[in-house]
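A.B. asks: for reference, the sequence and a predicted model appear below.
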Amino acid sequence: MSTATVTPDLTPSGAVSSATSVFYFLLLPALVLWYAYWTISRKHMNELAEKIPGPKTLPILGNALEFLGSSPEIFKNVYDKSFEYGNVVKMWAGPKLLIFLMDPRDVEIILSSNVHIDKASEYRFFKPWLGDGLLISTGQKWRAHRKLIAPTFHLNVLKSFIDLFNANSREVVEKLRKEIGKDFDCHDYMSEATVEILLETAMGVSKKTQDQSGYDYAMAVMKMCDILHQRHTKVWLRPDIIFNFTKYAKAQEKLIGTIHNLTRKVIKRKRVDFEKGIRGSTADVPEELKTKNYETKTTNSKTVVEGLSYGQSAGLKDDLDVDDDIGEKKRMAFLDLMIEASQNGVVINDEEIKEQVDTIMFEGHDTTAAGSSFFLSMMGIHPDIQDKVVQELDEIFGDSNRPATFADTLEMKYLERCLMETLRMYPPVPIIARQLKQDVKLASGDYTLPAGATIVIGTFKIHRLEEIYPNPNKFDPDNFLPERTANRHYYAFIPFSAGPRSCVGRKYAMLKLKILLSTILRNYRIKSDIGEKEFQLQADIILKRAEGFKIKLEPRKRLVKA
Ligand code: HEM
């Protein structure tokens, strides 16, 4: 009879298999413990969320299936759903609690706060591209950089950009000539122009010194936004560990390469100029477009124009409205100041400059490209309104072909109302999201937003609330007549957000858009075969028309040249 002796298997593979058994033996209790901890730690959030209305959820997935489909389908689905509930709605994207706020009183609590300033975790997908730039950074870093950057968009600096706004607008008019009579997508032209204007103004480098076109950069940004939108709406693409194995990760790497290539070159160019003692923009402006030849008294006066003319309700103020030194202090343009501040390396280092340049290049072009394309679409669809804009421009410029001065932009009151109405109906940034660190009691009803929730401020929906804007789907520039705006809640119109994290480029955007759009309208009549009902809206970070911004152009007769 043989006796079997059991000897421990001391070979390396035996040791590994024992370790594996121990691992699996411990894994289950660890998971159970983690799940128990997770459930308990979320109890408070779940209890408060329970009281907030929202669509029915599926186990594990929550409402994630609402975000399936193409971009326009998702947009339509979520917007249509919003009518089934009140102005506070919750949804679950898997385990993530999203609470949508649509009442201006609630929005004020979040946006005016100096506490609830953290961006939602969804903004982290921007990191490989924008790093810790102003849009997504938080805490002390955001505060210090905001303080540094906001003054570079002061009205005094913006006035020095007027000639470049004019020169670039004229170039767009020339480029558009080949499209006369055709149905074409004006967004392509607006994207290229807004990139090039940013290069020559805020960055202060001539576009001629760049071997990469503004168009290539803008297209790379558009594709990047599409990828980010996929990650926002498809829960399975959120974890890096999965995303990195998808085709999107490869595409993203390439696109970021194109985008960073431009920003690196811009900074390099600026540094060379800076070392040579050159300050300000090196871009040329033809003599006939220099507004000093046409300046009036108003242009030189200490004009303070706040509120609506610069994109926000008259009663709102932010750090862009500080006017303690009008006309006294020489303020610097964005990249000049960044380079100067970095010389001692304390306020901002080289990597941080790159992050801020990437941020301003993105935020500064895609938003205004969408805003101007929606404006032109509106002009094409509403010829009677376009005629009134042109009549105002004729009153300002007569039959002269002279460039627009700062004083002229103050006279463009009706154009400004059309621009405001465009930003109301088609806000380029259709939602804003924040991460709550503490509970917040709402003003509109007996709800408390729990810490840990992602708060989504639904700008698009707020701008179309019937109780605030009667007949909200009608394009009506008179919505911005002073008598109509006077009694409206300040937070009922927030295309540039509001409060401490408002858009630093709001005044820049308004001034540039007035010059760009008035120049186009002085030269072309816009037509459109498509009505607003046929728009297919999509919100790939920035609101767009999925079918493209199709318009037609007819040249206007000019009687006399300047
Ligand atoms: C029509 C044009 C524009 C619109 C509608 C717009 C809208 C907005 C909105 C809604 C925000 C807040 C975003 C959020 O909290 O998620 C924002 C932030 C920002 N915008 Fe704009 N923007 C426009 C043009 C510009 C321009 C021209 C620039 C720069 C030249 C710019 C630079 C920024 C920056 C840096 C931030 C982040 C500010 C911070 O967090 O402190 N934007 N913008």
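C.D. replies: Received it, and whenever you're ready, just let me know what you need.
A.B. asks: C-alpha from now on. contacts and neighbour counts both.
C.D. replies: Fine.
A.B. asks: how many residues are close by G257?
C.D. replies: By other C-alpha atoms under 10 Å, the residues close to G257 number 13.
A.B. asks: what sits against the residue in the stretch 351-500 of the chain positioned nearest to the ligand?
C.D. replies: Using C-alpha to the nearest ligand atom, the closest approach of the stretch 351-500 of the chain to the ligand is made by G364 at 3.4 Å. By C-alpha atoms under 8 Å, 6 or more residues apart in numbering, the contact set of G364 is T194, V195, L198, G505, A509.
A.B. asks: for PyMOL, what selects the buried ones among those residues?
C.D. replies: Here is the PyMOL selection string for the buried members of the contacts of G364, based on 16 or more other C-alpha atoms under 10 Å:
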select buried, resi 194+195+198+505+509
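A.B. asks: let me know the closest of the contacts of G364 to the ligand.
C.D. replies: G505 (3.5 Å).
A.B. asks: I'd like the distance between the closest one and N261.
C.D. replies: Distance of G505 to N261, computed by C-alpha to C-alpha, to the nearest Å: 23 Å.
A.B. asks: SS state for the residue of the stretch 101-250 of the chain found nearest the ligand?
C.D. replies: Among all residues of the stretch 101-250 of the chain, L135 sits closest to the ligand, at 3.8 Å; criterion: C-alpha to the nearest ligand atom. At L135 the chain is in coil, as set by DSSP: H, G, I helix; E, B strand; the rest coil.
A.B. asks: and R124, what is it in contact with?
C.D. replies: Here R124 is in contact with I136 (C-alpha under 8 Å, 6+ apart).
A.B. asks: isn't there a strand covering it?
C.D. replies: No - if the criterion is three-state DSSP, then R124 is helix and not within a strand.
A.B. asks: tell me the pLDDT of it.
C.D. replies: Looking at R124, its pLDDT is 91.
A.B. asks: strands of the stretch 451-562 of the chain, start to end?
C.D. replies: Using DSSP state E, counting those that start in this stretch, the strands of the stretch 451-562 of the chain run over 454-457, 524-527, 537-540, 542-545, 550-555.
A.B. asks: mean confidence for the fourth one?
C.D. replies: Spelled out, that is strand 542-545. What strand 542-545 shows for mean pLDDT is 95.
A.B. asks: now do that strand: which elements does it pack against?
C.D. replies: Applying 3 or more C-alpha pairs under 8 Å, 6 or more residues apart in numbering; DSSP states H and E, we find strand 542-545 packed against helix 350-381, strand 537-540.
A.B. asks: check which residues of that strand are buried.
C.D. replies: Neighbour-count burial for strand 542-545 [16+ other C-alpha under 10 Å]: I542, L543, K544, R545.
A.B. asks: what of the longest one?
C.D. replies: Of the residues in strand 550-555, those scored as buried under the neighbour-count criterion (16+ other C-alpha under 10 Å) are K550, I551, K552, L553.
A.B. asks: who are the neighbours in contact with the third one?
C.D. replies: In other words, K552. Taking C-alpha under 8 Å, 6+ apart, we find K552 in contact with E179, I180, G181, K182, D183, F184, G380, I526, K527, S528.
A.B. asks: so which strand or helix has the third one?
C.D. replies: So that's G181. When elements are assigned from DSSP states H and E, G181 belongs to no helix and no strand.
A.B. asks: for it, the count of nearby residues, please.
C.D. replies: Using other C-alpha under 10 Å, G181 is surrounded by 13 other residues.
A.B. asks: cool, the fourth one as well?
C.D. replies: Under the neighbour criterion other C-alpha under 10 Å, K182 is assigned a count of 12.
A.B. asks: likewise for the second one?
C.D. replies: By other C-alpha under 10 Å, 15 other residues sit near I180.
A.B. asks: model confidence for it, exactly?
C.D. replies: Turning to I180, the model gives it a pLDDT of 96.
A.B. asks: do you have the strands of the chain handy? List them.
C.D. replies: Secondary structure of the chain by DSSP state E: the strands cover 88-93, 96-101, 184-185, 432-435, 440-441, 448-449, 454-457, 524-527, 537-540, 542-545, 550-555.
A.B. asks: tell me which of those lies nearest to N473.
C.D. replies: strand 537-540 (13.8 Å; C-alpha to C-alpha).
A.B. asks: what strands flank that closest one, and is each parallel or antiparallel?
C.D. replies: Using DSSP bridges, the strands paired with strand 537-540 are strand 542-545 (antiparallel).
A.B. asks: give me the contacts around the strand it pairs with.
C.D. replies: Here strand 542-545 has contacts from 225, 366-367, 370, 426-430, 535-538, using C-alpha under 8 Å, 6+ apart.
A.B. asks: contacts with the ligand among those, please.
C.D. replies: T367, P427, P428, V429 (C-alpha under 6 Å from any ligand atom).
A.B. asks: closest to L97 out of the residues you listed?
C.D. replies: Nearest to L97 among those is V429, at 21.3 Å by C-alpha to C-alpha.
A.B. asks: for the nearest residue to the closest one once chain neighbours are set aside, which residues count as its bridge partners?
C.D. replies: Nearest non-adjacent residue to V429, counting by C-alpha to C-alpha, 6 or more residues apart in numbering: I542, 5.2 Å away. Per DSSP bridges, the residues bridged to I542 are D540.
A.B. asks: on that earlier part again, out of the helices and strands packed on strand 542-545, nearest to D394?
C.D. replies: The nearest among the helices and strands packed on strand 542-545, by C-alpha to C-alpha, is helix 350-381 at 16.3 Å.
A.B. asks: where does pLDDT dip in the stretch 301-450 of the chain?
C.D. replies: For the stretch 301-450 of the chain, the stretches flagged by pLDDT under 70 are 301-308, 323-330.
A.B. asks: how about a cut-off of 90?
C.D. replies: 301-332, 342-348, 399 (pLDDT under 90).
A.B. asks: could you do the stretch 51-200 of the chain as well?
C.D. replies: 59-61, 63-71, 74, 77-78, 80-82, 93-96, 120-122, 154-156.
A.B. asks: point out the residues in the chain that sit beside the ligand.
C.D. replies: So the chain meets the ligand at 134-135, 146, 360, 363-364, 367-368, 371, 427-429, 432-433, 495-497, 501-506, 508-509 (C-alpha under 6 Å from any ligand atom).
A.B. asks: could you export stretch 484-497 as CSV, CA atoms only?
C.D. replies: Once non-C-alpha atoms are left out, stretch 484-497 reads as follows in CSV (Å, rounded to 0.1, in the frame of the first residue of the first chain):
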residue,chain,number,x,y,z
ARG,A,484,-38.2,94.9,-21.1
THR,A,485,-34.9,94.1,-19.5
ALA,A,486,-35.5,96.5,-16.5
ASN,A,487,-37.8,94.1,-14.6
ARG,A,488,-36.3,90.8,-15.7
HIS,A,489,-34.3,88.7,-13.2
TYR,A,490,-30.6,89.4,-13.8
TYR,A,491,-29.8,85.7,-14.0
ALA,A,492,-32.4,85.1,-16.7
PHE,A,493,-29.9,86.1,-19.3
ILE,A,494,-26.5,84.5,-18.8
PRO,A,495,-24.8,83.7,-22.1
PHE,A,496,-21.4,84.6,-20.6
SER,A,497,-22.2,83.1,-17.2
